[in-house]
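Engineer: here is a sequence with its predicted model. Questions after.
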Amino acid sequence: MLHWIARYTRWLHTRWPAGTVEKLPEVRHDGSTHVPGVFIAGDLTGVPLLKIALDSGARAVSSVTPSGDPDVLDLAIVGGGVSGMAAAVEAKKRGLRFEVLEGAEPFVTIVNFPKQKPIYTYPRAMVPSGDLQVRANVKEDLVAELREQAARAGIRPRIERVERVERQGEILHLHFENGGLPLRARRVLIAIGRSGEYRMLGVPGEDLDKVYNRLHDPADFEGMDTLVVGGGDTALETAIALARARARVTLSYRGKEFSRPKPENVAQVQRLASEGAVSLRMESRVREIRPREVVLSNGHEDTIPNDVVFTMIGREAPLDFLRRSGLRISGEMRARQWVALSLFLLFCCWLYNWKSGGAASALWAANHWFPFNLPDLLHRVGGAVAADARRPSTLIGTIAISASGPAFWYTLVYSTVIVIFGWKRIRRRRTPYVTTQTLTLMLVQVIPLFLLPEIILPQLAYHGLLPRGLLDALFPVVTYGHGREFWRAYGFILAWPLNVYNVFTPHPLWWWIGISVVQTLVLIPLGIYFFGKGVYCGWICSCGALAETLGDTQRHKMPHGPFWNRLNMAGQAVLLIAVLILILRIVGWMLPDGNWIDSVFDPVFKEHYKWWVDVFLAGVLGYGLYFWFSGRVWCRFFCPLAAYMHIVARFSRFAILADKKKCISCNVCTSVCHQGIDVMNFANKGKPMQDPECVRCSACVQMCPTGVLQFGQVDRKGKTLKLDLLPASPVIMREGPV
Ligand SMILES: Cc1cc2nc3c(=O)[nH]c(=O)nc-3n(C[C@H](O)[C@H](O)[C@H](O)COP(=O)(O)OP(=O)(O)OC[C@H]3O[C@@H](n4cnc5c(N)ncnc54)[C@H](O)[C@@H]3O)c2cc1C
Ligand code: SF4
Ligand code: SF4
């Protein structure tokens, strides 16, 4: 049994790559942070590209104005790389009092590029804001043109390493590593890049002079015994360059196979290995580095001759500097965040209990608190309002009845939030895809999921505009509210098993059963076949609507990695429970009235399911974790309809197609995916992304800085059949498809 579950888990979820996301500071769209006056530009904002760094540096200065205060700088720029210097050129133009603090030498990251390194200036059609520009094709020309432009603008950085930034009242104090008086400024721009802290192996001998973490000129190592450690593109490119320069190369990687680097690099390394130019040591670790040799182990220890070691295992963002300066790191929770999360969860417990007719709702009703007293309040207004409120067929009378329960107010607030944050999303993302998708989500939420059950259907019924037979079939008579269960209209949009209440009824409601069958077994699978699961989750569903609007700025908070990919299976368990309940329900209908299933169904199965799944998992956890773990926690992990759609999506043609030549492995696509998908791992290999979790939000396509990704369809062999008509990538919109 366990074997079959493991095979099924692999088929559905764990077969897909599950890379994690590098920690970076929390930065808003305009570069501001939660510390007032402290801004971030350049690589630390997430995209390691020269043009993006120049652009973010220049734009960060656009809102700074001269204060005229001779004792305090208008602006202090920490870091004299491309983004810091772009900011400095702009600051000079705007007449600001500013200073650039550089820890090593201006443009040091570029000065350290390997000799004659080709420069790729993506995005091709982008012209960064500000006067500092890049045009060169090789490293040496790039350094020269940057130095020349900085000198022409009269920018002379002060060579001093900043230890931290501290806010005291309105003024920011910059403390230096070598002591000395702190510098005072009104605005600080942190532009220190990501090249600060190389990851360490943590083995004896790592501090020897022969250990490097970058390769400058491969020719310097001709004929030497070299060891390259790592399994990413940089490690493989270093090994290839050394082998071509006729060094003897050993490449040590702890993994079983290379999963992150580009296929061309893997192919080249394997070719060099087959020719004997590179000795590949997979699943090996460095134990010790000695002056003339290194010790590797993979089960047994192996000592090999060695002149030089390149540890190419990546770099960390300078997180300690950011922490010392009180900046928040994305995904890191401090005590304050845990307290806020706990309080918000408690609030959600109350909210969903109140909204779902629990003890909180009973307390409100018993005390006649708002909104239960709404009809009385309207009567007290007197005049025409009171008269209309007494007649359910008037608009005010219909609203008086609908709005006297918590669900009306909950849905009103929910819809308003979607409209307001949807509008913000349209303005923020600016692609035809996002505009059309968000407008659709807003319309679906406001019309069929709010106005229809609360106002339109009761009004039509009061005025005799709906056939009696239709009303009886869809909205059974009750003794409260409008006298009919108009809330069942949610079933037009929310399909089984997301909405179970039109199917788990004491007697079958055949029309709803028919609608549910058509939705769940015909329409949704058809839509998924062509457009993926996002056809529902990203374009129709109300949970998705909130996640794509209010949750648009929270998406990077979804955790990534193998553990979370396994947790995706929680939804399969909820789906299984829903199916078992459905079977019981059908058997109950087939047995004579009053059978044992009828007597236990409502109190035990339906009520438990409602409180555990709809109230606790969807409501309390789904929304309670919104601002700490993204808006798709319910959708990704627990929703039974999504779980069903994951199975269907395994047979879909939908894919995100990648032009791997343009991929710079920046990981932006993975980091913004609020379904936890490791998009980069498909993109940099040029493979179609077909992880069934995708909700087609388009964040990865829209955010990719080089326009690698596009929505489309593929056949069973992964061959492209067609591309989506709605443009979703601003870079491709500007540059056109390749
Ligand atoms: C090997 C390599 C190849 C690349 N190739 C390309 C390419 O072909 N095309 C492309 O578009 N992009 C490329 N990039 C990316 C590009 O170099 C970066 O996007 C760009 O340099 C980022 O600029 P930045 O100003 O944010 O950071 P950086 O250029 O890294 O500058 C940061 C500066 O801050 C200074 N600093 C750090 N800490 C402190 C401190 N505490 N106090 C004071 N100063 C400090 C550093 O000394 C440094 O000068 C490459 C990057 C690397 C590493
Ligand atoms: S596909 Fe992903 S990793 Fe590649 S460049 Fe685009 S955002 Fe970066
Ligand atoms: S469109 Fe991209 S970001 Fe959105 S869910 Fe799919 S893979 Fe993730």
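Structural biologist: Happy to help now that I have it. Numbers count the residues shown, from 1 in each chain. Ligands and ions are numbered 1, 2, ... in the order given.

Engineer: switch to C-alpha atoms for all contacts and neighbour counts from now on
Structural biologist: Noted.

Engineer: phi, psi of Thr226?
Structural biologist: phi -120, psi 150 (degrees, to the nearest 10).

Engineer: from ligand 1, how far off is it?
Structural biologist: Distance check for Thr226 against ligand 1: by C-alpha to the nearest ligand atom, to the nearest Å, it reads 19 Å.

Engineer: now do the contacts for that residue.
Structural biologist: Counting by C-alpha atoms under 8 Å, 6 or more residues apart in numbering, Thr226 makes contact with Ala247, Arg248, Val249, Thr250, Asn306, Asp307, Val308, Val309, Phe310.

Engineer: so what's it scoring on pLDDT?
Structural biologist: Listed pLDDT for Thr226 reads 97.

Engineer: give me the number of residues near the closest residue to ligand 1 within the stretch 601-738 of the chain?
Structural biologist: Here the stretch 601-738 of the chain gets closest to ligand 1 at one residue, Ile664, 8.6 Å apart by C-alpha to the nearest ligand atom. The tally of other residues near Ile664 (other C-alpha atoms under 10 Å) stands at 22.

Engineer: swap in Glu275?
Structural biologist: Per other C-alpha under 10 Å, the neighbour tally for Glu275 reads 10.

Engineer: sorry, back to before: quick check, nearest of the contacts of Thr226 to ligand 2?
Structural biologist: Relative to ligand 2, the closest of the contacts of Thr226 is Phe310; by C-alpha to the nearest ligand atom it sits at 24.1 Å.

Engineer: so the closest one: helix, strand or coil?
Structural biologist: Here Phe310 is recorded as strand under DSSP: H, G, I helix; E, B strand; the rest coil.

Engineer: now do the strands in the stretch 301-450 of the chain.
Structural biologist: Under the criterion DSSP state E, counting those that start in this stretch, the stretch 301-450 of the chain contains strands at 308-311, 315-316.

Engineer: in JSON lines, list these along with mean pLDDT and mean neighbour count.
Structural biologist: Shown next, in JSON lines, are the strands of the stretch 301-450 of the chain (pLDDT from 0 to 100; neighbours: other C-alpha atoms under 10 Å):
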{"stretch": "strand 308-311", "mean pLDDT": "95", "mean neighbour count": "22"}
{"stretch": "strand 315-316", "mean pLDDT": "74", "mean neighbour count": "16"}
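
Engineer: mind putting the ones you listed into TSV with distance to ligand 1?
Structural biologist: Putting the strands of the stretch 301-450 of the chain into TSV (distance: least, C-alpha to the nearest ligand atom, whole Å) gives the following:
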stretch	distance to ligand 1
strand 308-311	14
strand 315-316	9
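
Engineer: so which of those strands is nearest Phe344?
Structural biologist: Each of these has some distance to Phe344 by C-alpha to C-alpha; the shortest is strand 315-316, at 32.2 Å.

Engineer: which parts of the top helix by length along the chain are buried?
Structural biologist: Determined from DSSP state H, the single longest helix within the chain is helix 406-429. Neighbour-count burial for helix 406-429 flags 406-408, 410-412, 414-415, 417-419, 421-423, 425-426, 429 (criterion: 16 or more other C-alpha atoms under 10 Å).

Engineer: say whether ligand 3 is contacted by that helix.
Structural biologist: No: interface with ligand 3: helix 406-429 contributes nothing (C-alpha under 6 Å from any ligand atom), its closest point being 13.2 Å away.
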